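Enquirer: I'll drop the sequence and a predicted model, then ask my questions.
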Amino acid sequence: MNKRFRTILNSISPPRTVLFFAAVFVITTIFLTLFRLGFLLKHLNLATGIPLFTLLHSFFIGVRFDMVVLSYILIPLFILSHLPLISIDRLKPSRIIIETVLLVCLCPIFFLSLVDIEYYGEFGTRLSHWALEYSDQLGMVWYSMWSGFPVTFYLLLWGILTFVFAFLVIKMSGRIFGQKRKEKIVLRFTYFILILALLFLGARGRWQLAPIDWGLAYFSPHGFANQLALNGTYTLGKSYWENFRQKRGESLERFHFFPSPEALSSVQELLTHPTDKLSDSLHSLARWSYPKSESKETRDYNVVIILLESWLARYVGALGGKPDVTPNFDSLAQKGILFDRFFATGTRTNRGMVSILCSFPSQPGRSIMKQFSANHPFISIADILKKRGYQSILIYGGDLQFDNMEGFLRSQGIEKFIGEKDFPSETGLGKWGVPDHIVFKRANQEFDKFDHKPFLGVIVTLSNHEPFLLPSSDFKIFPEDVPHSGYLNTFYYSDWALGEFFHQAEKQSYFKNTVFVLVGDHGKFMESQSDLPWDRFHIACLIYAPELLGSSPRRISTVASQTDLVPTILGILGEPVFHQSWGRDILSLPPEDNGFAMMLDGNLIGWMEGPYFLIERIGVNYSLYDIHQDPFQKHDLSSELYDVVRKLQTTERSYLQLSIEMMAKQRMPAQ
């Protein structure tokens, strides 16, 4: 009986090729699960308060995303392995080639899994196309990684894991194919069809009509648990594909929520002042805005905009930050207009720069600064002021070609550029470029050369950036055992450099006739259990012009963002102006206006209005928080305050949709 049973069992047992791929599938899944465990352990503090069952559920869902990635790799190899001329169960050279290709495909996946751990710690999200946005600047990327992260440790770990994986695969292959047995063609064909079908199912991630999407990972109210469920390689590939389709204009439907005229009308109502005059109400936001007073006096004030690298509000003393690392900024705030609910539109300098200088919101996909074919549904402040006779200059201590900065901003009207190559080589500090205090010193010299002629000056700082290099150990006030000590020390240094700039500027002839705008280019991700923490985007913003606007401190608590700066500056200058801003003059809003701010990080959209913060995960779900009562975003109010959700969502979707559609097909406004 036992002999007969074994005979039957042998007659239906899987062919060796099938056993080989099944074993590879299991081994790889175990490795990817171990990477997910490493991800959890690295960020274990973010799992505080999350039920164990929820974390286990993250691992269960995570296996499904792992299977998607693995199935895409195995499908072509599985098919090739069954071709008569290759047949790995008979031909050892073919087997060696398939094993080699398998290792070549999977080893980068392991590497990306390790990179993903640190990427999340830095940016608060899994790998996306943004990780490859600087593939044209590999030297800078490698320098940043080597300087700011334990690269040697990870490379060594990657090498060890790759060796162990290769050893297991080769050992298992030898054991499976070392068994000599006859395999019937019918049985081989049956298993081939069955396993191929299962692999295709694994690649889709689900048996329903629509394949798996990243939204499946958002199964709980705990942002970190949802992120834990994802696979970094999957999110990288998915976002790259979405970005590719968007560049070809194939994914506009993903952001098409309303008829286009309805979205346009909604945004026009949101942005226009009662005295504004739309020039092309059927196609654009272009409009004439008029000063609040009846006086048509031209105020040829100089305008200096200082982009402060990573100036997160939580460490700015004037905004209640602790520890306070900005004594000089705090002192300036005592004589300026301080915005205490001011937000960045994105997470990178190339997003903030467009919003600050062009009043255009951050977009999904590649930065507009690097898109050659992108339409520009905005008018930069440089172009506006050029028509008034202003000259313009930008001073940056780094490479002006980085992010296509010079090319884009020159096309937007900035005339003169000072970059890293224009400073003595000995002043450089690391590969990023010249430290802030030297950049500020040069800016003062350049501004003084305008000799009472109106100018727009833009200073872009960079020192408060990885790898957080200091020009002197005197600025190292936080020891290494303090969390984020490197960031806090360069933050403190950057503030000192800012103070030195103003000490010198006050002595220059241009100072008394200048409006200074100090604004963070973006915030910085700090540990948070939310997938989109609002305070990540909360940045410093101060308008400083004691000789022109008065020296009494003012605090503006209206919600505002970087897109509001251009119209606010134009309002201060006081002349009727034609513009296409995606923000408003914050200083002219009525007291009852709550203001608004849109923030974007990949597929996550944040909308702040009054006390409410709406998070929309495009195509998945949404959450609503009252950040006055719940600053850590613990309690989702979307089911309780559905009317609030609908109101905010309608405005947010209209704003996002219109900006994307106008980028894709612009109609030039008539003046």
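Expert: It's in.
Enquirer: Which element, helix or strand, includes the closest residue to R126 other than its chain neighbours?
Expert: Across the structure, with Cβ to Cβ, 6 or more residues apart in numbering as the measure, the residue nearest R126 apart from its sequence neighbours is T235 (4.3 Å). In this view, the C-beta of every residue, glycine as well, is placed from N, C-alpha and C. Remark: T235 resides in helix 232-247, with elements defined by DSSP states H and E.
Enquirer: I'd like the mean pLDDT over that helix, please.
Expert: Mean pLDDT, taken over the full extent of helix 232-247, equals 81.
Enquirer: Go ahead and confirm T54 touches H222.
Expert: Yes. Using Cβ atoms under 8 Å as the test, T54 is close enough to H222 to be in contact (6.1 Å).
Enquirer: So for these two, which residue has more residues nearby?
Expert: The neighbour count for T54 versus H222, taken as other Cβ atoms under 10 Å, is higher for H222 (21 against 18).
Enquirer: need the contact list for the nearest residue to that one once chain neighbours are set aside.
Expert: Ranked by Cβ to Cβ, 6+ apart and with sequence neighbours excluded, the top spatial neighbour of H222 is I50, at 4.8 Å. Residues touching I50, when contacts are defined by Cβ atoms under 8 Å, 6 or more residues apart in numbering, comprise S220, H222, F224, A225, Q529.
Enquirer: and the fourth one, that one's in a strand?
Expert: Read that as A225. No. According to DSSP: H, G, I helix; E, B strand; the rest coil, the state of A225 is helix, so it is not within a strand.
Enquirer: That one contacts S58, doesn't it?
Expert: Yes. A225 sits in contact with S58 when judged by Cβ under 8 Å, with a separation of 4.9 Å.
Enquirer: which residues are common contacts for these two?
Expert: Shared contacts of A225 and S58, defined by Cβ under 8 Å, 6+ apart, are absent.
Enquirer: Quick one: mean pLDDT over stretch 444-452.
Expert: According to the model, stretch 444-452 has a mean pLDDT of 94.
Enquirer: swap in stretch 584-601?
Expert: Averaging pLDDT along stretch 584-601 yields 94.
Enquirer: How about stretch 647-666?
Expert: Taken as a whole, stretch 647-666 has a mean pLDDT of 90.
Enquirer: what about the nearest residue to H82 once chain neighbours are set aside, distance to F25?
Expert: Taking Cβ to Cβ, 6+ apart as the measure, H82 lies nearest to F192, with 5.5 Å between them; neighbours along the chain are not counted. Counting by Cβ to Cβ, to the nearest Å, the gap from F192 to F25 is 15 Å.
Enquirer: Among these two, which residue is more densely surrounded?
Expert: F25 (20 against 17).
Enquirer: can I assume that one is in contact with L70?
Expert: Yes. Taking Cβ under 8 Å as the contact criterion, F25 and L70 are neighbours in contact, 6.4 Å apart.
Enquirer: gap between the closest residue to D626 other than its chain neighbours and W534?
Expert: If the residues on either side of it in the chain are set aside, D626 comes closest to P611, at 5.1 Å by Cβ to Cβ, 6+ apart. To W534, P611 is 11 Å away according to Cβ to Cβ.
Enquirer: Residue ranges of each domain in the chain, please.
Expert: Domain ranges of the chain: 2-247, 260-544+590-664, per automatic domain parsing.
Enquirer: Switch those over to TSV; also include distance to Q580.
Expert: Rendered in TSV, the data for those read as follows (distance: least, Cβ to Cβ, whole Å):
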stretch	distance to Q580
domain 2-247	22
domain 260-544+590-664	5
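Enquirer: out of those domains, deepest packed?
Expert: Looking across the domains of the chain with neighbours counted as mean count of other Cβ atoms under 10 Å, the highest average goes to domain 260-544+590-664: a mean of 19.
Enquirer: Can you give me the end-to-end span of it?
Expert: Between the start and the finish of domain 260-544+590-664 there is a gap of 13 Å, counting by Cα to Cα, to the nearest Å.
Enquirer: need the contact list for V24.
Expert: For V24, counting by Cβ under 8 Å, 6+ apart, the contacting residues are L74, L102, V169, M172.
Enquirer: switch the cut-off to 7 Å
Expert: By Cβ atoms under 7 Å, 6 or more residues apart in numbering, V24 lies in contact with L102, V169.
Enquirer: Over to L264?
Expert: Going by Cβ under 7 Å, 6+ apart, L264 touches L658.
Enquirer: ditto for R254
Expert: R254 is in contact with I618, G619, counting by Cβ under 7 Å, 6+ apart.
Enquirer: Give me the distance between it and G317.
Expert: According to Cβ to Cβ, R254 stands 42 Å off from G317.
Enquirer: before we move on, what about F35?
Expert: Counting by Cβ to Cβ - F35 and G317 are separated by 41 Å.
Enquirer: Is I459 in contact with I393, as I believe?
Expert: No. At 9.4 Å, I459 does not count as touching I393 under the criterion of Cβ atoms under 7 Å.
Enquirer: Strands along the stretch 401-550 of the chain, start to end?
Expert: With strands called from DSSP state E, counting those that start in this stretch, the stretch 401-550 of the chain shows them at 416-418, 455-460, 514-520, 541-544.
Enquirer: Let me have these in CSV, extended by distance to P108.
Expert: Compiled in CSV, the strands of the stretch 401-550 of the chain are given as follows (distance: least, Cβ to Cβ, whole Å):
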stretch, distance to P108
strand 416-418, 38
strand 455-460, 35
strand 514-520, 35
strand 541-544, 42
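Enquirer: Now render these as JSON lines, adding mean pLDDT and distance to V267.
Expert: JSON lines is the format used below for those (pLDDT from 0 to 100; distance: least, Cβ to Cβ, whole Å):
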{"stretch": "strand 416-418", "mean pLDDT": "96", "distance to V267": "33"}
{"stretch": "strand 455-460", "mean pLDDT": "98", "distance to V267": "27"}
{"stretch": "strand 514-520", "mean pLDDT": "98", "distance to V267": "23"}
{"stretch": "strand 541-544", "mean pLDDT": "98", "distance to V267": "23"}
